[in-house]
Each structure stands twice: as C-alpha cells, then as structure tokens.
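Undergrad: Sequence first, then the predicted structure:
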Amino acid sequence: MPGDDSALVAAARSGDPEAFRQLWQPVERRAFGLCFHLTANRPDALDALQDTQIAAWKGLDRFEGRAPFAAWVLAIARNSALSVVRRRSSHDDLLFPEAAEPRAAESGFDETVAGLVDLRRALGTLSPAHRSALLLWAGGLTYEQTAATLEVPLNTVKVWIFRGRQSLRELLG
C-alpha cells in the first residue's frame with residue numbers, strides 16, 4: 001500500500017474512529033477545496049465534503065491501496081461534488097452565481113480575494129474534464145493518480161492539464 005497508511009486503514013476498517021480521523025485529517029482541506037471549486041459555493045461544498053467523509057468511512061473495505069488514501073478520498077470528493085452539482089437545475093448557473101460576485105465598495109474585498117474570484121471564474125470556463133484534471137493535479141495528485149482517479153489514459157490527463165493551464169494563463173494574463 002503506498003505510503004504509511006496501511007496500519008491506519010486496517011485499524012479504521014476494524015472500526016477505530018481515531019485511526020480514520022488520522023487518515024481523514026490530512027486530506028480534509030484538499031477535499032474541501034476540490035468540492036468548493038466544483039460546486040462554487042460553501043454550503044454545497046460542505047454538503048459534498050460530508051458526503052465524502054461518510055462514503056470514505058463506509059467504503060473503507062473497498063479501498064484497495066493501489067493509490068494513496070488521499071487520492072482515493074479526492075476521487076470520492078470529486079464524485080460527491082459532481083453529484084451535488086447534478087442535483088441543481090443548471091450547471092452553468094451554479095458555477096458562478098451572481099451572489100458570488102465581489103462588491104469591493106460594500107465588502108472590502110482585497111486584491112487576493114478578487115484574484116481568487118477571477119481564478120474561479122477562469123476555472124469555470126474550462127471544460128469539465130480539463131477543470132477536474134487540473135484541480136486534482138493542483139491538489140497534489142500525480143499525473144498517474146489523476147489518470148487513475150478520472151479513469152482515463154495518462155497521456156489524456158497530461159494533455160488536459162497542459163491545455164487547462166494554458167487556458168488559465170491566457171485568461172488571467
């Protein structure tokens with residue numbers, strides 16, 4: 001099993017909640033970030049994150065250990081977030097709702113927050129495949145892990161990430 005997680009996974013499988021917490025804690029922030037980028041709002045991202053944690057706990061017996069635990073959790077997070085998005089009426093309306101637009105004069109957003117809003121908007125212009133691959137890779141997965149997570153060939157993932165990064169560069173200057 002990649003990494004040092006095999007003992008913790010075995011303990012968690014036998015019902016040890018502390019072992020699961022030790023597995024979950026290092027990946028929780030990355031999973032939330034992925035959920036947030038895919039759902040485009042905090043409440044839906046939190047719902048997807050909760051779904052992810054429950055699915056990971058209940059699905060420990062299905063974790064095969066061919067990839068790190070974090071990669072497995074991020075794959076679950078991606079699927080949970082996309083499920084939340086599908087439950088909503090319109091995918092395009094969800095990525096950038098008007099309420100998410102910063103109002104600098106009213107809210108005092110600084111340049112960093114405005115830059116994050118620009119990045120989120122730019123990510124929304126990417127195809128779902130390019131966006132998913134780029135977010136998984138930027139979240140710390142290797143090309144190989146990203147390909148396994150998305151269940152596509154390695155070269156396809158490399159092209160998607162390259163094109164996604166190229167598009168972001170053009171959009172963000």
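TA: Ah, there it is.

Undergrad: In this structure, which residue is most central in space?
TA: Geometric centre of the chain, nearest residue: Leu34, 2.2 Å, by Cα atoms, centre = their mean.

Undergrad: Give me the spatial nearest neighbour of that residue, chain neighbours excluded.
TA: Of all residues not flanking Leu34 in the chain, Ala77 sits nearest, at 5.0 Å (Cβ to Cβ, 6 or more residues apart in numbering). C-beta here means a position set from N, CA and C on the backbone, and glycine is covered the same way.

Undergrad: From Val84, how far off is Lys158?
TA: Separation of Lys158 from Val84 (Cβ to Cβ, to the nearest Å): 28 Å.

Undergrad: whoops, I mixed them up, Ala12
TA: 25 Å.

Undergrad: domain ranges for this structure?
TA: What automatic domain parsing lists as the domains of the chain is 1-98, 101-173.

Undergrad: Tabulate those domains (JSON lines), appending mean pLDDT.
TA: Converted to JSON lines, those look like this (pLDDT from 0 to 100):
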{"stretch": "domain 1-98", "mean pLDDT": "84"}
{"stretch": "domain 101-173", "mean pLDDT": "77"}
